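# coords please:
(chains A and B)
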Protein chains: 2
Amino acid sequence: METTEPEANVTRIMLAVNESSIKGYPHASISSRGAFEWTIQKIVRSNTSGFKLLFLHVQAPHEDGFEDMDSIYAFPEDFKTMKHRDQTRGLRLLEYFVTRCHEIGVACEAWVKEGDPKEVICRQAKRMRPDLLVVGNRGLGPFQRVIAGTVSEFCVKHAECPVVSIKRSPGETPRDPVDD
Amino acid sequence: METTEPEANVTRIMLAVNESSIKGYPHASISSRGAFEWTIQKIVRSNTSGFKLLFLHVQAPHEDGFEDMDSIYAFPEDFKTMKHRDQTRGLRLLEYFVTRCHEIGVACEAWVKEGDPKEVICRQAKRMRPDLLVVGNRGLGPFQRVIAGTVSEFCVKHAECPVVSIKRSPGETPRDPVDD
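Below you'll find the model as predicted:
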């Protein structure tokens, strides 16, 4: 991880992304994709050279013996050189977003960290100093929030940079709203 | 107020702005100006035709017998046609932001509402359906927050659109941090 000095001339937007909890559902969670689409459509718009997206995925410790922390992925090709055992779900997730960025033509970086998502996101935001942190949000009610915890509420409260939380649209809510 | 249907092709950013509480300080509060500058520099950037800014100022009821609610101000000239008694501090505030937008070349609208700021902001956000609501934030500590109340925390929690709260920079904090 070398990039700690913000580039003066682009707006750096950090997106915290996670995997879907729905069995058989491909990779990125509904709220992660929603946060990404909102960022592209409403903020970046046609000004692709004015922005850089920083994708962070946080994996719970020892979840699947993931060993490729601290690598940076910025091009779709970066994912092809990995050994098969490293092609975990976490990297598939980043591959999805990095590939989308390259199709759109917006610069990006993506990396994986291990730990408690809400704390790692705030720590990485402090280190990377993005201009904006975008987090997805399942839009749960108060009772569901107590059960599921919400990373977005924690980040809004504790991250040192501006944070925007993008609620999942009601039409995309799965059968169990705690799923994503 | 006619514009309730979002224009499909611009990103509509609503900014809640207020006056400085510092005696002799000109018009816009430090945190309002910070929120505006952040929006221009980090989000709009050079893409002025891709955005429209919606400025809302909420005045406490009967504060100064203000009688020009529900007018929309979109051009600097709109302020010149007012009668002298209507040139209250609230409109001077909107004049500042509308003039800045015209200098920069970004479309805008500005209006004044009366009531409790946090509730009126959320109600107007529901009516106007902006893509993003930007609110300034004095960055007070927990004890000061209890005394001063924070409009931004309420909006983050209750507004139906994405909300970003922009903290006042430590270098701009006045002698009494509750001031703005």
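# any stretches of chain A with poor pLDDT?
A:1-8, A:24-26, A:62-70, A:80-89, A:146-149 (pLDDT under 70).
# what's around A:Glu160, how many residues?
12 (other C-beta atoms under 10 Å in any protein chain shown). For every residue, glycine as well, the C-beta is placed using N, CA and C.
# show me what the lengthiest helix in chain A is in contact with.
Longest helix in chain A, counting residues (DSSP state H): helix A:89-104. With contacts defined as C-beta atoms under 8 Å, 6 or more residues apart in numbering or on different chains, helix A:89-104 is touched by A:15, A:17-19, A:27-28, A:32, A:36, A:40, A:44, A:48, A:53, A:55, A:57, A:59, A:64, A:66, A:68, A:73-76, A:78-79, A:82, A:107-108, A:110-112.
# who in chain A is up against chain B?
A:11, A:38, A:42-43, A:45-47, A:50, A:131-132, A:156, A:162-167 (C-beta under 8 Å from any C-beta of the partner chain).
# of those, select the buried ones using a PyMOL command.
A single PyMOL command is used to select the members of the residues of chain A next to chain B judged buried by 16 or more other C-beta atoms under 10 Å in any protein chain shown:
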select buried, chain A and resi 11+38+42+43+45+47+50+131+132+156+162+163+164+165+166+167
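# and the contacts of whatever helix or strand comes next after the longest helix of chain A?
For helix A:89-104, the following helix or strand on the C-terminal side (DSSP states H and E) is strand A:107-114. Strand A:107-114 is contacted by residues A:1, A:3, A:10, A:51-61, A:66, A:68-74, A:90-91, A:94, A:97-98, A:101-102, A:120, A:124 when judged by C-beta under 8 Å, 6+ apart.
# just the residues you listed: which are in helices?
When helices are assigned by DSSP H, the members of the contacts of strand A:107-114 inside them are A:90-91, A:94, A:97-98, A:101-102, A:120, A:124.
# show me the two of those residues that sit farthest apart.
A:His102 and A:Val120 (25.5 Å; C-beta to C-beta).
# more neighbours: these two, which one.
A:Val120 (18 against 15).
# I'd assumed A:His57 was in contact with that one.
No. With contacts counted by C-beta atoms under 8 Å, A:Val120 stays clear of A:His57, the gap being 9.7 Å.
# roughly how far does the residue in chain A sticking out farthest from the centre sit from chain B?
The outermost residue of chain A relative to its centre, with distances by C-alpha atoms, centre = their mean, is A:Phe143 at 25.1 Å. Plainly put, A:Phe143 is 16 Å away from chain B if you go by C-beta to the nearest C-beta, to the nearest Å.
# and stretch A:110-128, how far from the chain's centre?
10 Å (C-alpha atoms, centre = their mean, to the nearest Å).
# hang on, I meant stretch A:151-167
That offset, for stretch A:151-167, works out to 13 Å (C-alpha atoms, centre = their mean).
# cool, and stretch A:157-173?
With C-alpha atoms, centre = their mean, you get 11 Å for stretch A:157-173.
# got the end-to-end distance for it?
Start and end residues of stretch A:157-173 are separated by 25 Å (C-alpha to C-alpha, to the nearest Å).
# which residues are in contact with it?
Residues contacting stretch A:157-173 (C-beta under 8 Å, 6+ apart): A:14, A:30-31, A:34-35, A:38, A:118, A:121-122, A:125-126, A:129-139, A:152-153, A:155-156, A:180, B:38, B:132, B:156, B:162-167.
# quick check: A:Phe55 touching A:Asn18?
No. In this structure, A:Phe55 is not within contact of A:Asn18 by C-beta under 8 Å, at 10.7 Å.
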